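[1] What would the 3D arrangement of this be:
(one chain, ligands or ions: 1)
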Amino acid sequence: MIRKSDELLSIGEVSARTGAAVSAVRYYESLGLIPAERTAGNMRKFPRHAIRRVSLIQLAVRFGIPLAEVAEVFASLPEGRTPNKKDWSRISEEWNQRLEDRKQAIARLQEQLTGCIGCGCLSLKTCNLLNPGDELGRDGPGARRL
Ligand code: FES
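    Numbers count the residues shown, from 1 in each chain. Presented below is the predicted three-dimensional model:
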């Protein structure tokens, strides 16, 4: 698609509008998370909807959602367009579930950690946090990896 140059933003403008560092915008573009076009002078220019994409990426980063998963979400959108209201509703529901899963995993870890408070045994045999599952211990005593 050919756009008029005034419809395109420089990397500095995208950075200023989103608060993302220029290097971050460049990185997101290198991962294919935001589209960019090259001008005749080989300058990198971004369509306006890149601002919304960068904002969503920043939100995902704050939630600890890997960029690979953000890429999957963006790839699921028709013609690589930016998420609309309906898309965002679906995406936010998925991300909410991820946060809930992480919250529960952290609660389980915290419960186990509580058992260590005041114990201090640091035992690789009895402390489940220090040696979860002791998978290599199932192969027998002593060093299993050299
Ligand atoms: S340190 Fe003793 S159970 Fe974890």
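
[2] what's the burial count for residue 25?
    26 (other Cβ atoms under 10 Å). The way it works is simple: take the backbone N, C-alpha and C, and place the C-beta from them, glycine included.

[3] tell me which parts of the protein are close to the ligand?
    115, 116, 119, 120, 121, 122, 123, 126, 127, 129 (Cβ under 6 Å from any ligand atom).

[4] Ramachandran angles for the third one?
    What that stands for is residue 119. phi -90, psi -70 (degrees, to the nearest 10).

[5] what residues are up against it?
    Residues near residue 119 by Cβ atoms under 8 Å, 6 or more residues apart in numbering: residue 127.

[6] what's near enough to touch the most centrally placed residue in the chain?
    When Cα atoms, centre = their mean is applied to the chain, the residue found nearest the centroid is residue 66 (2.4 Å). By Cβ under 8 Å, 6+ apart, residue 66 lies in contact with nothing.

[7] In this protein, where's the longest helix?
    When the chain is parsed with DSSP state H, its longest helix is helix 85-116.

[8] which stretches of this protein form helices?
    Going by DSSP H, the chain shows helices at 11-18, 22-30, 50-63, 67-75, 85-116.

[9] Which of those helices sits closest to residue 138?
    For the helices of the chain, proximity to residue 138 was assessed by Cβ to Cβ; helix 85-116 is nearest, at 20.0 Å.

[10] of the helices of the chain, which approaches residue 40 most closely?
    Of all those, helix 11-18 comes closest under Cβ to Cβ, at 16.8 Å.

[11] so how far is that closest one off the chain centroid?
    Put simply, helix 11-18 sits 20 Å off its chain's centre (Cα atoms, centre = their mean, to the nearest Å).

[12] Right, I'll leave it there.
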